[in-house]
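*Asks:* Need the 3D shape of this:
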Amino acid sequence: MAKDGPIAPAGSPLIAPVSTAYRRYALWVLLIIYTLNFLDRQVVNILAEPIKQELGLADWQLGMMTGLAFAVFYTVLGIPIARLAERKNRPLIIAGSVAAWSAFTVLCGFAQNFWHLILARIGVGIGEAGCTPPAHSLITDYVPREKRASAIAFYSIGTPLGTLVGMAMGGLVADAYGWRVAFMVAGAPGVVFAIIAGLTLVEPRKKLAADLAARPYTKAPVMAPAPLPTWTGFYLGLQGGGGWGRSDETFFGAPNTAIFAGTQRYDINGGFIGGVVGYNWQVDNIVFGLEGDYHWADIDGRSGVINAGAGDTYFTKLRGFGDIKGRLGWAAGPALFFVSGGAAVGDLQHRYDAGAFGPAFSASQSDWRWGWTIGAGAEYMFAQNWSAKVEYNYLDFGKSTLQYTPVAANRSEWNDTVHTVKAGISYHFGGPGLSRY
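*Replies:* The predicted model follows:
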């Protein structure tokens with residue numbers, strides 16, 4: 001219901017907060033920063049092949065490095081940073097973001113393994129999420145209403161420019177000096193422009209607010225405040241990601257004992273996709289939840305050769321997994337930060353491949369194993385009833401047994417543990433969901 005409240009200005013348009021010359025300067029600075037944004041985002045694509053060869057990466061690892069690790073954090077953090085830009089100093093947000101993604105781009109050049117690269121690319125995604133929302137907002141304040149479309153178009157030229165320069169520069173520098181130097185060359189200019197942005201771009205809010213305060217006002221009706229977001233209710237979603245872990249095999253005995261050897265430990269990794277259903281109950285800022293999920297997975301690995309003469313190996317494959325777990329979270333408006341824990345189940349296959357000794361000495365076992373899981377994550381309600389999340393989980397599936405013969409001692413036992421990182425999107429059925437944006 002409408003009621004008398006804050007009052008609205010009447011009269012001529014707002015004063016221009018900056019001069020025409022400064023506006024042109026600011027637009028050029030923002031264009032160069034946006035060009036660097038796409039340069040640092042795209043350069044990894046042209047460097048993918050030499051990175052793969054030097055670090056020995058698999059194709060799925062290359063895909064995570066160039067896509068998922070960057071995109072998940074870039075997508076999820078864009079909205080909360082935009083909300084921050086609505087209240088805080090926008091030039092400083094832009095400067096901090098440029099410094100962050102440029103520094104992490106440089107750190108890509110120091111990576112020694114896959115996980116170093118993944119962490120650096122996550123840092124690039126987090127930094128770049130803070131560029132466009134405050135930049136668009138600043139342009140709106142700098143530029144008169146009738147010229148904003150052309151100003152945004154000018155700023156957007158940074159997309160093709162950054163892509164072109166990133167591909168060309170990355171290839172040329174990598175050919176001459178290597179992919180590590182290419183990352184450093186790509187990231188270094190951003191540090192300079194972070195300083196320029198922080199020192200020379202102005203925040204016009206105070207000037208605009210002073211102009212508003214000096215104007216005549218007429219009373220205007222306002223709507224009653226909308227209710228705050230609530231997480232209470234059922235939800236249903238899709239999610240996917242990557243997993244890595246370890247398979248520990250312990251040998252106890254077999255008919256051909258002479259060619260078996262002790263304990264083997266080897267890595268497993270791969271990807272998965274699945275669904276989730278759950279219920280949340282919010283009390284003040286505390287959110288209690290119960291959820292279950294299941295994922296179709298392709299997470300596997302093989303041991304090194306355990307018998308050089310015959311080429312014997314062990315193999316583990318996680319074909320699917322799920323869990324039933326409780327969640328405890330803290331809600332901050334549309335954001336939810338939570339920890340979780342509960343029971344986990346996995347569809348595991350273990351196999352001994354006998355190599356040169358032939359199939360007569362091979363054995364395999366598939367079974368469902370129950371274990372436990374713990375994890376933590378963050379979720380953000382970005383639109384009416386819709387949320388996106390990022391979550392980490394650790395799963396321990398306990399011990400599995402591969403029986404070689406009916407003799408009880410002729411067996412191997414495996415203990416399998418997996419780490420997962422997943423991103424997902426959910427629809428919430430209960431409560432008003434996100435009642436204000």
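
*Asks:* Was I right to think L31 contacts I157?
*Replies:* Yes - in this structure, L31 is within contact of I157 by CB atoms under 8 Å, at 6.4 Å. C-beta: built from backbone N, CA, C; applies to glycine.

*Asks:* Helices along this protein, start to end?
*Replies:* 20-46, 48-55, 59-63, 69-85, 90-108, 114-128, 132-142, 148-156, 158-177, 179-200, 205-213 (DSSP state H).

*Asks:* For the longest one, list every residue counted as buried.
*Replies:* The reference is to helix 20-46. Using 16 or more other CB atoms under 10 Å as the test for burial, helix 20-46 gives 23, 26-27, 29-44, 46.

*Asks:* ok, now the fifth one?
*Replies:* Taking 16+ other CB under 10 Å as the basis for neighbour counts, the residues of helix 90-108 that come out buried are 90-91, 93-108.

*Asks:* Just name the shakiest helix or strand of this protein by mean pLDDT.
*Replies:* strand 3-9 (a mean of 46; mean pLDDT, DSSP states H and E).

*Asks:* Output the below-cut-off pLDDT ranges for this protein.
*Replies:* 1-17, 206-229, 253-262, 305-311, 354-362, 405-409, 430-437 (pLDDT under 70).

*Asks:* Would you check how far apart I94 and F70 are?
*Replies:* Here the criterion is CB to CB, to the nearest Å. By it, I94 lies 19 Å from F70.

*Asks:* hmm, I was thinking of K399
*Replies:* K399 is 38 Å from F70, by CB to CB.

*Asks:* The two: who's more crowded?
*Replies:* Legend: neighbour count by other CB atoms under 10 Å for K399 and F70, higher for F70 (24 against 12).

*Asks:* what about the residue lying closest to the more buried one once chain neighbours are set aside, how many residues close to it?
*Replies:* Nearest residue to F70, sequence neighbours excluded (CB to CB, 6 or more residues apart in numbering): G125, at 4.1 Å. G125 is flanked by 23 other residues according to other CB under 10 Å.

*Asks:* G125: what's it in contact with?
*Replies:* Listed by CB atoms under 8 Å, 6 or more residues apart in numbering, the contact set of G125 reads 69-74, 77, 101.

*Asks:* wait, which of those residues is closest to Y279?
*Replies:* Closest to Y279 out of the contacts of G125 is V72 (24.9 Å), distances taken as CB to CB.

*Asks:* Could I get the contacting residues of the closest one?
*Replies:* 125, 390, 423.

*Asks:* change it to 10 Å
*Replies:* V72 is in contact with 64, 122, 125, 241, 388-390, 421-424, counting by CB atoms under 10 Å, 6 or more residues apart in numbering.

*Asks:* ditto for Y427
*Replies:* Contacts of Y427 (CB under 10 Å, 6+ apart): 234-238, 384-387, 433.

*Asks:* beta partners for it?
*Replies:* Taking DSSP bridges, one obtains L236, W386 as the residues bridged to Y427.

*Asks:* Next one: F251 from Y352, what distance?
*Replies:* Here the criterion is CB to CB. By it, F251 lies 9 Å from Y352.

*Asks:* quick one: which of the two has more around it?
*Replies:* Y352 (23 against 20).

*Asks:* my read: the more buried one touches S364, true?
*Replies:* Yes - at 7.3 Å, Y352 counts as touching S364 under the criterion of CB atoms under 10 Å.

*Asks:* what do the two both touch?
*Replies:* Listed contacts common to Y352 and S364 are 315, 402; contacts here mean CB under 10 Å, 6+ apart.

*Asks:* Quick check: nearest residue in space to T420, chain neighbours excluded?
*Replies:* G243 (4.3 Å).

*Asks:* How about G187?
*Replies:* Spatial nearest neighbour of G187, chain neighbours left out: T105 (3.3 Å); criterion: CB to CB, 6+ apart.

*Asks:* pretty sure the one you found contacts L36?
*Replies:* Yes - at 9.1 Å, T105 and L36 qualify as touching, with contact defined as CB under 10 Å.

*Asks:* what about the closest residue to G245 other than its chain neighbours, neighbour count?
*Replies:* Nearest non-adjacent residue to G245, counting by CB to CB, 6+ apart: V418, 3.6 Å away. Residues lying near V418 (other CB under 10 Å) number 26.

*Asks:* With I51 instead?
*Replies:* The number of residues near I51, taken as other CB under 10 Å, comes to 23.

*Asks:* what sits against the residue nearest to it when sequence neighbours are not counted?
*Replies:* Excluding its sequence neighbours, the residue lying closest to I51 (CB to CB, 6+ apart) is W179, at 5.7 Å. Applying CB under 10 Å, 6+ apart, we find W179 in contact with 43-44, 46-51, 53-55, 108-109, 111, 170, 173.
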